[in-house]
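Engineer: generate a structure from the sequence data that follows.
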Amino acid sequence: MDYNLVTNLKTCYVDISPLLYYSHIPTAIVALIIGFFVFWKDSRSLISNILLFIAVGFALWSASDLVIWINPDSSKIMFLWSWINLLEMLISVATLYFSYVFLEEKDVSFKFKLFFGILLATFIMFIPTRLNLVAFNYDNCESVQGLLINYYHILEAFFSVWLLVYLIRKMWTVKKIDERKKAVYLSLGVTSFLFSFSGTNIISSITTRWELLQYGLFGMVVFMGFLAYLIVKFKAFHIKMLGAQALVVAIVSLVGAQYFFTPFTDVTNIILISVTVFAAAVLGIWLVKSVKMEVERKEQLQRMSDSLAFANDKLRVNNTKLEKIDATKTDFINIASHQLHKVPTPIKGYLSLLLEGSYGKISAEQRRVLENINFANNRQISLVDDLLNVSRMESGKIKLDFEKEHLETICQEAYEALAPAAKEKGLKFSWVHPKKALPKLIMDKGKIFEAIFNFVDNAIKYTPKGKVDLQVELDAASHYEKQIGDDDQKEALTGPVVRLTIVDTGAGIAKENIPYLFVKFSRRDTAKLNIEGTGLGLYVVKLMIEAHGGRTWAESEGEGKGSKFIIEIPVEQPEHVSVKK
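Structural biologist: Numbers count the residues shown, from 1 in each chain. Model prediction:
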């Protein structure tokens, strides 16, 4: 430092206000406590190191400023005054740096570091010159500042405006609610600190009313308070209990700091301060315990959430594997069914020729054997057809040709096709026409015919004597109870439906077996009737009807009491249906 212009250096005295100690010492303690706590808990983090730099820099500034105020040695005042503005600029730049890293969660680029480094280096270069300090005023016990103070004011204003613009832009652009809250709380703390600290310093430099600076130091406490809240609320710095602990220590330190400027002869004030410190400590301990309980509950919920997420991932993997297995099974059934179809089809043709006598006359015994072979061959063809239908419908490869059609027409065709079989068994087979013409339905005529044919054919097969009725009506949708194999997302129909019912007086169904009728490879108990089946027919019907947006189910009072099979198809066009023009 060039002290050539400063002559007759000697001691000076000023009146010291008790506020001086309260504004410098407790605020520095609060900053150091939180700064070192954060660094201790998260020392590898860049943001923790920046915060520690701010805390230590602020503590050094407070100590230097306190010495300037209370030390009577003018040489020490001049020395500390020459560097104290640099400390303040370093704190301002570090606060801007801290805000960016905290909100962006990444470091700044090298070009920005170089830019700010040049600005600071320029100031440092002129510190030991007469541009910084030119003289000492013994009347006010103050250093007389040179032209460099103008550059200091420009830099401080530049740093503050840059920080303000960045924080406003960040709060405006961030979309997530939690991230926006973090930006708002940090902005309140940072601006409260920097604008009170730097602002009062600039105002004091211009007006030479340095006592104003003492009030600006409390902005650091506000800044640290918001940081403590961010730690508790958003787990900033990846620290769980630090915020509550540091906040309690800070409050107790601030209250206890009153001992520094209260004479011990003032018993009343000492007692009041002691009671306040005790109350703050008790409330602080309660706060820490409450936060600890909340953190433990959150950790427990997080562990449960993680376990559930792991279970869901495992279930998703298992479902994916099951889907692959099911797809492989479907492909196998497709291929096997096509191959199996190649054998019985020509056999059926040759058996027909033999039974018709195309290769010569056959005896009654030979006819009986050939008819048995033909029956078994037809069963195999039926099984292969059912397997193909199931495979195609489950894989979504079957194509439905939707068009508007009257259901009565399809029922009439099914009736005419099966009336001879019913007559042969001696059954009364009736087709009950609706009283009023039904609206046309959007459906695949062939698939609906197969479904009706299957139901009526089953009714004839499972009815040794009595009757079979086929009836259709327009009505509101029936109450439908879900059965085994139903999709959980499928619900009962609403609105008008066309209901087709096949009623028989045959073998009936045990109530405990009804839910399993439409499950793959599940068959009615036919041992007593000597009727064979593949266990796929009803399942295929169910798939066909559901492809039309409809529902199908069975009802029975029990074995030997007949049965009823119902199909409901909605009148309104299903969303997935594309009607042929």
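Engineer: so who does Asn137 touch?
Structural biologist: Taking Cβ atoms under 8 Å, 6 or more residues apart in numbering, we find Asn137 in contact with Ser143, Val144. No exception for glycine: its C-beta is placed from N, CA and C like everyone else's.
Engineer: Tyr539 and Ser556: what is the separation?
Structural biologist: Applying Cβ to Cβ, to the nearest Å, the value for Tyr539 to Ser556 is 18 Å.
Engineer: ignore the last one, Tyr151
Structural biologist: 99 Å.
Engineer: mind giving me the domain ranges of the chain?
Structural biologist: 18-239, 400-570 (automatic domain parsing).
Engineer: redo those domains as TSV? Include distance to Asp306 and mean pLDDT.
Structural biologist: Below are the domains of the chain laid out as TSV (distance: least, Cβ to Cβ, whole Å; pLDDT from 0 to 100):
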stretch	distance to Asp306	mean pLDDT
domain 18-239	16	83
domain 400-570	26	80
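Engineer: same list (those) but as CSV, adding distance to Asn372.
Structural biologist: What follows is the domains of the chain, written out as CSV (distance: least, Cβ to Cβ, whole Å):
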stretch, distance to Asn372
domain 18-239, 75
domain 400-570, 12
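Engineer: out of those, flag the one nearest Gln366.
Structural biologist: domain 400-570 (23.0 Å; Cβ to Cβ).
Engineer: in what helix or strand does Lys564 lie?
Structural biologist: strand 563-570 (DSSP states H and E).
Engineer: so what touches that strand?
Structural biologist: 407, 441, 443, 448, 451-452, 455, 458-459, 462, 477-478, 480, 493, 495-504, 506-509, 545, 548-556.
Engineer: among the residues you listed, which are in strands?
Structural biologist: 441, 443, 496-504, 551-555 (DSSP state E).
Engineer: could you pull out the helices in the stretch 401-550 of the chain for me?
Structural biologist: Assigned by DSSP state H, counting those that start in this stretch, the helices in the stretch 401-550 of the chain fall at 407-424, 445-461, 537-547.
Engineer: out of those, nearest to Leu51?
Structural biologist: The nearest among these, by Cβ to Cβ, is helix 537-547 at 63.2 Å.
Engineer: now do the closest one and strand 563-570, the angle between them.
Structural biologist: Interaxial angle, helix 537-547 versus strand 563-570 (axes from the mean of the first three to the mean of the last three Cα atoms, to 10 degrees): 20 degrees.
Engineer: burial of the nearest residue in space to Leu87 that is not next to it in sequence, as a residue count?
Structural biologist: Closest residue to Leu87 apart from its sequence neighbours, by Cβ to Cβ, 6 or more residues apart in numbering: Trp61 at 4.4 Å. By other Cβ atoms under 10 Å, 26 other residues sit near Trp61.
Engineer: again with the one 5 residues further on
Structural biologist: By other Cβ under 10 Å, the residues close to Leu66 number 18.
Engineer: surely it is in contact with Leu20?
Structural biologist: Yes: counting by Cβ atoms under 8 Å, Leu66 does reach Leu20; the two are 7.0 Å apart.
Engineer: just send the helices of the stretch 401-550 of the chain back as JSON lines, with distance to Gly35 and mean neighbour count too.
Structural biologist: Formatted as JSON lines, the helices of the stretch 401-550 of the chain follow (distance: least, Cβ to Cβ, whole Å; neighbours: other Cβ atoms under 10 Å):
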{"stretch": "helix 407-424", "distance to Gly35": "82", "mean neighbour count": "16"}
{"stretch": "helix 445-461", "distance to Gly35": "76", "mean neighbour count": "21"}
{"stretch": "helix 537-547", "distance to Gly35": "67", "mean neighbour count": "22"}
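Engineer: between those, which gets nearest to Ala121?
Structural biologist: helix 537-547 (78.0 Å).
Engineer: relative to helix 445-461, how tilted is that closest one?
Structural biologist: Using the same axes, to 10 degrees: helix 537-547 against helix 445-461 is 150 degrees.
Engineer: packing partners of helix 537-547?
Structural biologist: helix 364-395, helix 445-461, strand 551-555 (3 or more Cβ pairs under 8 Å, 6 or more residues apart in numbering; DSSP states H and E).
Engineer: all strands of this protein, in order?
Structural biologist: With DSSP E as the criterion, the chain has strands spanning 133-137, 142-145, 403-405, 428-432, 441-443, 467-476, 496-504, 551-555, 563-570.
Engineer: could you pull out the helices in the stretch 101-250 of the chain for me?
Structural biologist: 110-125, 148-173, 177-207, 212-216, 219-234, 242-256.
Engineer: more neighbours, Tyr151 and Ser556?
Structural biologist: For Tyr151 and Ser556, the more surrounded residue by other Cβ under 10 Å is Ser556, and the numbers stand at 22 against 16.
Engineer: return the residues in contact with that one.
Structural biologist: Gly508, Ile509, Ala510, Lys511, Ile514, Gly562, Ser563, Lys564.
Engineer: tell me the buried residues within those.
Structural biologist: Neighbour counting by 16 or more other Cβ atoms under 10 Å classes Gly508, Ile509, Ile514, Gly562, Ser563, Lys564 among the contacts of Ser556 as buried.
Engineer: need the residues you listed in a markdown table (columns: distance to Lys324).
Structural biologist: Output for the buried ones among the contacts of Ser556, formatted as a markdown table (distance: Cβ to Cβ, whole Å):
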| residue | distance to Lys324 |
| --- | --- |
| Gly508 | 41 |
| Ile509 | 36 |
| Ile514 | 33 |
| Gly562 | 44 |
| Ser563 | 38 |
| Lys564 | 40 |
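Engineer: which of those sit farthest apart?
Structural biologist: Across the buried ones among the contacts of Ser556 (Cβ to Cβ), the longest gap, 13.1 Å, separates Ile514 and Gly562.
Engineer: the residue nearest to Leu87 contacts Asn85, doesn't it?
Structural biologist: No: taking contacts as Cβ under 8 Å, Trp61 lies outside contact range of Asn85: 9.6 Å.
Engineer: may I see the helices of the stretch 101-250 of the chain organised as TSV, with distance to Phe518 added?
Structural biologist: Shown next, in TSV, are these (distance: least, Cβ to Cβ, whole Å):
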stretch	distance to Phe518
helix 110-125	70
helix 148-173	56
helix 177-207	48
helix 212-216	81
helix 219-234	54
helix 242-256	61
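Engineer: hmm, back to that, may I see the PyMOL selection of the buried members of the contacts of strand 563-570?
Structural biologist: Selection of buried members from these for PyMOL, criterion 16+ other Cβ under 10 Å:
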select buried, resi 407+441+443+448+451+452+455+458+459+462+477+480+493+497+498+499+500+501+502+503+504+506+507+508+509+545+548+549+550+551+552+553+554+556
